[in-house]
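In: Sequence first, predicted model second:
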Amino acid sequence: MLSCVFFDLWVQSKPLFRQTKSIFSLISNIEVGLQPEICGIMYSITFKFEQKGLEPITLTGIEPDQSILEVALKNDIELHHNCGGVCACSTCHLYVEKGEDFLEELSDKEEDFIDRAVNPRLNSRLGCQCVLQEGDGEVFVTLPDQTQFLGE
Ligand code: FES
């Protein structure tokens, strides 16, 4: 654990080595048998809402390898997902305000469906395709008003 803490401190001043940090953290955890949350390799995600009357929600201790859609649904945050999260609709459309580098890259297929979303912007993504990569950090997203969508 000491090696993990030391390395985290060193890497904090070198953001370009985030991927290296992730690999080292995982190796460290395996070596000493620690769970990721002990070493701090978890995400925090703040959800803001365009729907009137909804206050922002910040979730902490979010593990990687899950999509923003999955995180939202597990935490009772409404985000439509008519195709079931397979990149075949655009109802899980959201805006990534911060932390895009922590997410799986935008694919051509996702871009096609974003073009069909309501009010797409430069920071538009599909929640089901925003899979958190290995690592840790802060992600901020804004969800469009969900009352404008029918379905799941
Ligand atoms: Fe259909 Fe994400 S749920 S594209």
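Out: Received the coordinates, thanks.
In: from here on, contacts and neighbour counts on C-alpha atoms
Out: Will do.
In: interface residues of this protein facing the ligand?
Out: 81-92, 126-128 (CA under 6 Å from any ligand atom).
In: all helices for this protein, in order.
Out: Along the chain, counting by DSSP state H, helices occupy 2-12, 18-32, 36-39, 68-74, 108-115.
In: What average pLDDT does the fourth one get?
Out: Translated: helix 68-74. Mean pLDDT, helix 68-74: 98.
In: Just the CA trace of that helix, in CSV.
Out: Below are the C-alpha coordinates for helix 68-74, written out as CSV (Å, rounded to 0.1, in the frame of the first residue of the first chain):
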residue,chain,number,x,y,z
ILE,A,68,-22.6,6.4,-17.3
LEU,A,69,-26.0,4.9,-18.2
GLU,A,70,-25.4,1.9,-15.9
VAL,A,71,-24.2,4.2,-13.1
ALA,A,72,-27.3,6.4,-13.5
LEU,A,73,-29.7,3.4,-13.5
LYS,A,74,-28.1,1.8,-10.5
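In: now what about it, what contacts it?
Out: 62, 78-79, 81, 85, 92, 127-132 (CA atoms under 8 Å, 6 or more residues apart in numbering).
In: Nearest residue to Glu63 in space, please, no chain neighbours.
Out: Met42 (5.3 Å; CA to CA, 6 or more residues apart in numbering).
In: count of residues packed around that neighbour?
Out: Look at Met42: counted by other CA atoms under 10 Å, it has 20 neighbours.
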